[in-house]
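Enquirer: Provide a 3D model corresponding to the input given below.
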Amino acid sequence: MAGMTASSPRPQTMAEKILSRRGDRAVYAGDLAVVEVDQVMVVDSIAQSFIERMERDLAAVPKFPERVSIVVDHVAPASTVSVAQAQKEAREYAARTGVRLFDVGRGICHQVLMEEGLARPGWIVLGSDSHSTTYGAVAAFGTGMGATDIALAAASGKTWLRVPESVKVTFSGELRPGVSAKDAALEMIRVLGADGATYESVEIHAGERFTRGERMTLANLCVEAGAKAGLVVPGGEILTDYGYDVPEWVYPDEGATYRQAVEIDLSALNPRMSAPNEVDNVHDVSALRGLKVDQVFIGTCTNGRIEDLHAAAEVLRGQRVNPATRLLVIPASSEVMERAMEDGTLLTLQRAGAVLGTPGCGPCMGRHQGVLAPGEVCVSTSNRNFIGRMGDKDAHIYLASPAVAAATAVLGHIALPEDVRAAVGA
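Expert: Numbering: from 1, shown residues only. Model (predicted):
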């Protein structure tokens, strides 16, 4: 869409363009790049290690405190004394260094940074969470790193990395009623495979399809194919409607080099579900209908936004959660929770029998708020169904859209929204 950057002699992908702009030269896949970092995000579960690296190993303070954010979200509120102590240390560190702190209840790191405008087109955002690929929804190069690399970035304002090759994923056609961006994302992971984009940038071409929230779902799940980054090409007014300034240079060049290119026809998709124990073990929901479910979880950085709660409430309105099934709903942020309060969504969910939780990650990584017992089956709107992910190693996790999760909660077994309507009609 845009021409090449001034310093680049040949066409570039989005990843190559962003890393070139934030560095000091044109770079291509395979090059090593040293780049300026626009935002460093630290979650509570790694905050102690980050602080140790900064103060004990580096004897440094953040070079740009305004570019560092600590988010208390993974175990919020604290579940044990040791977790409470770690969170206390994070608060004290933020107070003495001037970095931002988003405390218990503000929400999940990726959702919060997006709401606060701390991820923007063309930026580089490093997070101490693997799903930092989410920032690619707004054309930011977001990627996850460990405590040491995160600390070095905070101390120096820069990072280094190998420029990833790119995989081009093109979505064509239109989603049919009842099919969501989560279904499209799961299909993308099925097509690519769990290791099909290892240390690569998945560049998603979707035109003007998908809202910002839906693009977050797509970019979020890219890491489940092993991706270093997931970049959604800006389309139409999708991002400018949210107040983003989208520079022309951020668009990929015609003729850019991709290691692989795949196309997914949205009009051919049915509601999809990942079965245990790999995200790329994807099936039509209809093929898994009838399996008894003990717990349903709606939330996370993948599907805890207001449109996700709306989709669940649409199915649950006037219904009750099956007596043999638990339904846990956790909004992705306080902003999402407030909007759901204002428009009555939370009341609909509560009346249906949902248990509402503090904005945050909840049971997604199995540390609190709804962990699973041995043998239990859970349908979750999250992003991972690995062994032991949400509790006991013998629990079973199925990944689905909010609408499918809600229908499952009503009937007590894996189901589609039309199954609920048919049961009511009967």
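Enquirer: Quick one: the helices in the stretch 151-300 of the chain, in order.
Expert: For the stretch 151-300 of the chain, helices defined by DSSP state H, counting those that start in this stretch occupy the ranges 181-192, 212-221, 300-303.
Enquirer: need the ones you listed in TSV with mean pLDDT and distance to residue 359, can you?
Expert: (Each C-beta comes from the backbone N, C-alpha and C, glycine too.) Below are these laid out as TSV (pLDDT from 0 to 100; distance: least, CB to CB, whole Å):
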stretch	mean pLDDT	distance to residue 359
helix 181-192	98	20
helix 212-221	97	15
helix 300-303	98	11
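Enquirer: Which positions within stretch 139-157 qualify as buried?
Expert: Buried residues in stretch 139-157, counting neighbours by 16 or more other CB atoms under 10 Å, are found at 139-145, 147, 149-157.
Enquirer: Report the buried residues of the lengthiest strand in the chain.
Expert: Longest among the strand segments of the chain by residue count, using DSSP state E, is strand 165-172. Of the residues in strand 165-172, those with enough neighbours to count as buried (16+ other CB under 10 Å) are 165-169, 171.
Enquirer: before we move on, back to that, of the buried residues of stretch 139-157, which belong to strands?
Expert: 141-144.
Enquirer: show me where pLDDT drops low in the chain?
Expert: Across the chain, the ranges flagged by pLDDT under 70 are 1-8, 426.
Enquirer: ok, now which ones touch residue 165?
Expert: When contacts are counted by CB atoms under 8 Å, 6 or more residues apart in numbering, residue 165 touches 29-30, 200-201, 258-259.
Enquirer: just residue 57 next, same as before
Expert: 148, 151.
Enquirer: Show me how far the longest strand of the chain is from its chain's centre.
Expert: 18 Å (CA atoms, centre = their mean, to the nearest Å).
Enquirer: Stretch 206-215 now?
Expert: Stretch 206-215 has its C-alpha centroid displaced from the chain centroid by 14 Å (CA atoms, centre = their mean).
Enquirer: likewise stretch 230-244?
Expert: 17 Å.
Enquirer: Could you list the buried residues of it?
Expert: Buried residues in stretch 230-244, counted by 16+ other CB under 10 Å: 230-235, 238-239, 244.
Enquirer: and which of those residues is nearest to residue 211?
Expert: For those, the minimum distance to residue 211 (CB to CB) is 7.0 Å, reached by residue 238.
Enquirer: my guess is the closest one contacts residue 210, does it?
Expert: Yes - taking contacts as CB atoms under 8 Å, residue 238 lies within contact range of residue 210: 7.2 Å.
Enquirer: how close does residue 424 get to residue 320?
Expert: Taking CB to CB, to the nearest Å as the measure, residue 424 falls 11 Å from residue 320.
Enquirer: Specify the angle between the longest strand of the chain and helix 212-221 in degrees.
Expert: 140 degrees (axes from the mean of the first three to the mean of the last three CA atoms, to 10 degrees).
Enquirer: partners of strand 165-172 in the sheet?
Expert: strand 200-205 (parallel), strand 260-265 (parallel) (DSSP bridges).
Enquirer: Let me know which of those strands is the nearest to residue 405.
Expert: Closest among the strands paired with strand 165-172, using CB to CB: strand 260-265, at 22.3 Å.
Enquirer: and for that closest one, what are the contacting residues?
Expert: Applying CB under 8 Å, 6+ apart, the contact partners of strand 260-265 are 167-173, 184, 187-188, 191-192, 196.
Enquirer: Turn these into a markdown table, columns for distance to residue 11.
Expert: Below are these laid out as a markdown table (distance: CB to CB, whole Å):
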| residue | distance to residue 11 |
| --- | --- |
| 167 | 16 |
| 168 | 13 |
| 169 | 18 |
| 170 | 17 |
| 171 | 22 |
| 172 | 22 |
| 173 | 27 |
| 184 | 27 |
| 187 | 28 |
| 188 | 24 |
| 191 | 25 |
| 192 | 23 |
| 196 | 23 |
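Enquirer: Just name the closest of the residues you listed to residue 273, please.
Expert: Nearest to residue 273 out of the contacts of strand 260-265 is residue 187 (CB to CB; 10.8 Å).
Enquirer: thinking again about what came up before, mind checking the strands paired with strand 165-172 for the one nearest to residue 124?
Expert: With CB to CB, the closest approach to residue 124 among the strands paired with strand 165-172 belongs to strand 200-205: 12.4 Å.
Enquirer: Tell me the buried residues in the closest one?
Expert: 200-205.
Enquirer: Between those, which sits nearest residue 377?
Expert: Comparing those against residue 377 with CB to CB places residue 202 closest, at 30.0 Å.
Enquirer: okay but the closest one is in contact with residue 225, surely?
Expert: Yes - with contacts counted by CB under 8 Å, residue 202 reaches residue 225, the gap being 6.5 Å.
Enquirer: hmm, back to that, if we only consider the contacts of strand 260-265, which is nearest to residue 251?
Expert: Set against residue 251, the nearest of those by CB to CB is residue 168 (13.2 Å).
Enquirer: for the closest one, what are its contacts?
Expert: Residue 168 is in contact with 203, 205, 258, 260-262, counting by CB under 8 Å, 6+ apart.
Enquirer: Next, give me the two most distant ones among these.
Expert: Farthest-apart pair in these is 205 and 260; separation 13.3 Å (CB to CB).
Enquirer: Skipping its backbone neighbours, what lies nearest residue 242 in space?
Expert: The shortest distance from residue 242 to any non-neighbouring residue, by CB to CB, 6 or more residues apart in numbering, is to residue 212 (5.7 Å).
Enquirer: dump the residue contacts of that neighbour.
Expert: Counting by CB under 8 Å, 6+ apart, residue 212 touches 114, 137-138, 238-239, 242.
Enquirer: Go through those and name the one nearest residue 345.
Expert: Nearest to residue 345 among the contacts of residue 212, counting by CB to CB, is residue 114 at 19.8 Å.
Enquirer: Return the list of helices and strands in contact with the helix or strand harbouring that closest one.
Expert: If you go by DSSP states H and E, residue 114 is part of helix 109-115. Here helix 109-115 touches strand 39-43, strand 68-71, strand 124-127, helix 212-221, helix 300-303, going by 3 or more CB pairs under 8 Å, 6 or more residues apart in numbering; DSSP states H and E.
Enquirer: CSV please, covering those and showing distance to residue 12.
Expert: Listed next are the helices and strands packed on helix 109-115 as CSV, based on distance: least, CB to CB, whole Å:
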stretch, distance to residue 12
strand 39-43, 23
strand 68-71, 29
strand 124-127, 15
helix 212-221, 19
helix 300-303, 29
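Enquirer: Pick the most deeply packed of those.
Expert: helix 300-303 (a mean of 29; mean count of other CB atoms under 10 Å).
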